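**Q** generate a structure from the sequence data that follows.
(chains A and B, ligands or ions: 2)
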Amino acid sequence: MNAWIAYWNILKKDIRNYYLKPPNISWGIIFPLSWTLMQFIRTPQAGAAEAKQLLPGLMSMSVLFGTTSMLAVTITFERRGRSFDRLLLAPISITAMVLAKISGAVLFGVVMAFLPALLAAFITDLSGISWGMGIISVLLMSITSTLLGLAIAVSSKEVFEAQTYSNFFRFPMLFLSGLFIPIDNLPVFLQPISYCLPLTYGVDILNKAITNTGIMNVWFDCLVLIGISILLFCFCLWNIKKKWIL
Amino acid sequence: MLKIIPSKQNLPAKDRKTKNGERFIMSIISVTGLKKAYGAIIAVDGISLDIEKGQIFGLLGPNGAGKTTTINMLTGLARPTAGKIFVDGIDGIKNIKKVQRIIGIVPDESNLYDEMDGFDNLCFCASLYGIKKAEREKRANKLLEIFGLKNTGKRPFRAYSKGMRRKLTIAAGIIHHPEILFLDEPTTGIDVESARQIRSLILDMKRQGTTVFLTTHYIEEAERLCDTVAFIVDGKIIKKGTIDELMENEGNEHILKLTLEGSVNGIISDLQLNFPNFRIKPGGNNSCFISSVERPSLLPILQYLDKKGISVYEAREIRPSLEDVFVKVTGIEAAELKREKEGVRK
Ligand SMILES: Nc1ncnc2c1ncn2[C@@H]1O[C@H](COP(=O)(O)OP(=O)(O)O)[C@@H](O)[C@H]1O
Ligand SMILES: [Mg+2]
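**A** Ligands and ions are numbered 1, 2, ... in the order given. Reported below is the predicted structural model:
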C-alpha cells in the first residue's frame, strides 16, 4: 500500500518533470514527422495511399525515439544531480522504484506511437486495423526499448555518453528491424542481425495488425519481446544494485 | 560496569538495570568492525560505534577521513566490505529497506529536484515514505514555515540560495518524522544566520527525542551540539567519548591564568623555583600561565605572591577546549582542518 504511494508519485513526478516538457515531446515526434513529410515530398500522389503502409514503421520509430533516450538521459541526469540517491535511500524496494521509473517512459512511448496514427487518420482510411493487437505490440515495444534505454543508463556515467550509446543502438534498429525496408529485402548477411533486434518482433506484430503482412507467428513475437524484457530488467536491476550502491 | 547492547525498542528507564546491577545503555546505532574499501583505497577502516538513543553524536574529522562513507554505509548508499550494523535492533546490512523507514538523511550536497519548488519537493519526499496526500501537504506547509521558506512561493529549487537549499534539504530529511537523523556537514559552506538556525533546529530535534548523527569539521560546532563525539582520521576512530570524558581524559593539563597588577617579569623564575611541580610561562598583558597534571591549588601561590607584595588582579582556571583535545590526539591542527576543507570547496 505504502509502496503504491511512492510508485505513483515517482511516476507522476517524472511525467511532470520530463515527459510533458516540450523539448522531449518534440524529440519524440520530430523524426516520424519529418520522415512522413519526406515521403510526401518525394511522391505526393502516392503519399496518402501509402500512409497506411508506412504507419507500422512510423509508430515503431516513435516508440524507439520516444523511449530509448528518455530514461537513459533522465536517469543519468538525476544521478549526476544526486537526486537519484533519494530514490535509493527511500524505503521502497529497488524493483518497485525501477518499475516506477520505467512506467513513465513506457507510457510516453505508447502515447508517442499513437500520434502518427492520429495524423494518418486525417489523410487515409484506417478501417480494418486490429487495434487490440496494435496496442499490445506498441506496449511490448515500448517496454523493451525503455529497458534498453535503462540498460544504457546503468552502463554510462555522463549524459552525453548515454546519448551516444542510445544512438548507437537506435540507428541500426531503424534500418535493420523492418520498419521501412522489409527484412527479406536486406542483404543476406545483415538478416541474422535483424533477428537479434527486439524491435524486429514488435514491428512484425504491428505489420500484422495494420497491413496484415507479418512474417512470423504473433505469439512467437510476443514471447520473444517478453523474454528480452525480462532479461533486460534483470540485467538492469543487477547492475543498479552492483554499481549504484557503491 | 557498562555494557552496551543494541536495543530492540525503547525500553522505559526502570528496565535499564539488570538484576546484578549492570547498567545497559540503549544504543540505537551499533556498529562493529565496519570497513569499506574502494579498490586499494580503504575509506573506512574497521570502526566501531555505539550511539545512545536520543543523543546527538558527532563524527569529527578532516576531509577524506571517511565521514561520508560511514554515513553512506549506515544509510544504504554504500555496501560495507566488512563489519556489522544494527539500527534500532534491525540488521542494517541484510535489512536496509526496513532501516530506511526510520531514518532521515541529509547529504552534504542538496539532492532535491532543481525544477520543482519547495512545496512540491517536500511533498514528493514525503510520498516516498508512503505518507498520504493530505498529511504530506500539511507537513510540507508546516516545515516551510518553521524553516522560514514560506515566502519562496513557486520559485524552483535551483533558484534557492545555498542556505535555503540546505534548509529545504533538512526539511525533506525530517518530513517523515524519522527516529534517527543523519546530517552530513550540515553547516558547511552556508551563511552564518542559516547555520545558526540549523544548529538550533538540531537541538530542537533532540528535545523531541530524535537521535542525531552528524559529521562536521567544525570543532566548536561539535563541542556546542554533541553529547558524544568520535574523532575520525584516515578511516580510523582515534578517540571517542562524551565531551566531558574527552576533556577530562585528554585535556589532562590543568591551566591557571594569573593576571597581576604590574609586570610579570622577574617573578616567573622566582615562582618556578618555589613551585617546581608546576610549569610556569609568561602570557601577555601582565599575565602568566601555571600548568600541571594535578590541579594547581591557588592558595599557596596567592599567599606567596602576597608575601612578596605583589597583588593579583585576576585568577582563572582555563578549561581545555575540544579543539585542544582534538589537536592532541590527532596531531592535526584545527586551522589545518578548516583550510583543507576550504581548499576542496573551491
Ligand atoms: N566512490 C568512491 N570511490 C573511490 N574512493 C572513494 C569513493 N568515495 C570515497 N572515496 C575515498 O574514501 C575516502 C573517504 O572519503 P569520504 O568518506 O568522502 O571522506 P569525508 O566525508 O570524511 O570527507 C577518501 O579518500 C575518498 O577519496
Ligand atoms: Mg564528506
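**Q** lowest-confidence helix or strand of chain B?
**A** strand B:2-6 (a mean of 43; mean pLDDT, DSSP states H and E).
**Q** distance between the helix or strand that comes right after that one and the chain's centre?
**A** Downstream of strand B:2-6, the next assigned helix or strand under DSSP states H and E is strand B:23-38. Remark: strand B:23-38 is offset 17 Å from the chain centroid, using C-alpha atoms, centre = their mean, to the nearest Å.
**Q** whatever helix or strand comes next after strand B:23-38 close to ligand 1?
**A** Moving toward the C-terminus from strand B:23-38, the next helix or strand (DSSP H and E) is strand B:41-52. Yes: for strand B:41-52, a contact with ligand 1 is found by C-beta under 6 Å from any ligand atom, at B:41, B:43. Where C-beta positions appear, they are placed from N, C-alpha and C, glycine not excepted.
**Q** for the residue of chain B found nearest chain A, which non-adjacent residue is closest in space?
**A** Proximity to chain A, evaluated over chain B using C-beta to the nearest C-beta, is greatest for B:Gly130 at 2.6 Å. Excluding the flanking residues, the one nearest B:Gly130 by C-beta to C-beta, 6 or more residues apart in numbering or on different chains is A:Asn2, at 2.6 Å.
**Q** residues contacting the one you found?
**A** The contact partners of A:Asn2, taken as C-beta atoms under 8 Å, 6 or more residues apart in numbering or on different chains, are A:92, B:129-130.
**Q** isn't B:Phe147 right up against B:Lys167?
**A** Yes: the pair B:Phe147 / B:Lys167 is scored as a contact, 4.5 Å apart, by C-beta atoms under 8 Å.
**Q** out of those two, which sits in the busier spot?
**A** A direct count of neighbours by other C-beta atoms under 10 Å in any protein chain shown for B:Phe147 and B:Lys167 places B:Lys167 higher, at 26 against 21.
**Q** report the contact partners of the more buried one.
**A** B:Lys167 touches B:147-149, B:194, B:197-198, counting by C-beta under 8 Å, 6+ apart.
**Q** buried ones in the host helix or strand of it?
**A** Using DSSP H and E, B:Lys167 falls within helix B:162-174. Buried residues in helix B:162-174, counted by 16 or more other C-beta atoms under 10 Å in any protein chain shown: B:163-174.
**Q** same check, this time on stretch A:172-192
**A** Under the neighbour-count criterion of 16+ other C-beta under 10 Å, stretch A:172-192 has A:173-174, A:176-180, A:183 buried.
**Q** next one: stretch A:190-209
**A** A:194, A:197-209.
**Q** going by distance to ligand 1, which of those residues wins?
**A** Nearest to ligand 1 among those is A:Pro198, at 33.4 Å by C-beta to the nearest ligand atom.
**Q** give me phi/psi at that closest one?
**A** In this entry, A:Pro198 is assigned phi and psi values of phi -60, psi -30 (degrees, to the nearest 10).
**Q** residues contacting it?
**A** A:Pro198 neighbours (C-beta under 8 Å, 6+ apart): A:141, A:144-145, A:148, A:224-225, A:228.
**Q** from these, which would you call buried?
**A** Buried, going by 16+ other C-beta under 10 Å: A:141, A:144-145, A:148, A:224-225, A:228, out of the contacts of A:Pro198.
**Q** any chance of the residues you listed in JSON lines, plus pLDDT and secondary structure?
**A** Listed next are the buried ones among the contacts of A:Pro198 as JSON lines, based on pLDDT from 0 to 100; DSSP: H, G, I helix; E, B strand; the rest coil:
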{"residue": "A:Met141", "pLDDT": "93", "secondary structure": "helix"}
{"residue": "A:Thr144", "pLDDT": "94", "secondary structure": "helix"}
{"residue": "A:Ser145", "pLDDT": "92", "secondary structure": "helix"}
{"residue": "A:Leu148", "pLDDT": "90", "secondary structure": "helix"}
{"residue": "A:Val224", "pLDDT": "93", "secondary structure": "helix"}
{"residue": "A:Leu225", "pLDDT": "93", "secondary structure": "helix"}
{"residue": "A:Ile228", "pLDDT": "94", "secondary structure": "helix"}
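**Q** would you turn those residues into a markdown table with distance to B:Thr211?
**A** A markdown table is the format used below for the buried ones among the contacts of A:Pro198 (distance: C-beta to C-beta, whole Å):
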| residue | distance to B:Thr211 |
| --- | --- |
| A:Met141 | 50 |
| A:Thr144 | 46 |
| A:Ser145 | 46 |
| A:Leu148 | 44 |
| A:Val224 | 53 |
| A:Leu225 | 49 |
| A:Ile228 | 47 |
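**Q** of the residues you listed, closest to A:Arg80?
**A** Nearest to A:Arg80 out of the buried ones among the contacts of A:Pro198 is A:Leu148 (C-beta to C-beta; 20.9 Å).
**Q** I'd say the closest one and A:Leu232 touch.
**A** Yes: A:Leu148 is within contact range of A:Leu232, at 6.4 Å (criterion: C-beta under 8 Å).
**Q** mind checking the SS state of A:Glu78?
**A** Under DSSP: H, G, I helix; E, B strand; the rest coil, the three-state class of A:Glu78 is helix.
**Q** tell me the contacts of it?
**A** Counting by C-beta under 8 Å, 6+ apart, the residues that A:Glu78 touches are A:84, A:87.
**Q** switch to 6 Å and redo it
**A** Taking C-beta atoms under 6 Å, 6 or more residues apart in numbering or on different chains, we find A:Glu78 in contact with A:Phe84.
**Q** and for A:Ser60?
**A** A:179, A:203.
**Q** buried stuff in the strand or helix carrying it?
**A** Element membership of A:Ser60 [criterion: DSSP H and E] is helix A:44-80. The neighbour-count check on helix A:44-80 (16+ other C-beta under 10 Å) flags A:47, A:51-79 as buried.
**Q** residue of chain A closest to chain B, please.
**A** At 2.6 Å from chain B, A:Asn2 is the closest residue in chain A, using C-beta to the nearest C-beta.
**Q** model confidence for that residue, exactly?
**A** Looking at A:Asn2, its pLDDT reads 81.
**Q** same check, this time on the one 3 residues further on
**A** Turning to A:Ile5, the model gives it a pLDDT of 94.
**Q** quick one: it and B:Leu128 touch, right?
**A** No: the criterion here is C-beta atoms under 6 Å, and A:Ile5 misses it with B:Leu128 at 8.4 Å.
**Q** ok, these two, which is more surrounded?
**A** B:Leu128 (25 against 19).
**Q** please name the nearest non-neighbouring residue to the more buried one.
**A** Using C-beta to C-beta, 6+ apart, the nearest residue to B:Leu128 is A:Ala90, at 3.8 Å.
**Q** is ligand 1 contacted by the helix holding A:Ser60?
**A** No: for helix A:44-80, no contact with ligand 1 is found by C-beta under 6 Å from any ligand atom; the gap never falls below 12.8 Å.
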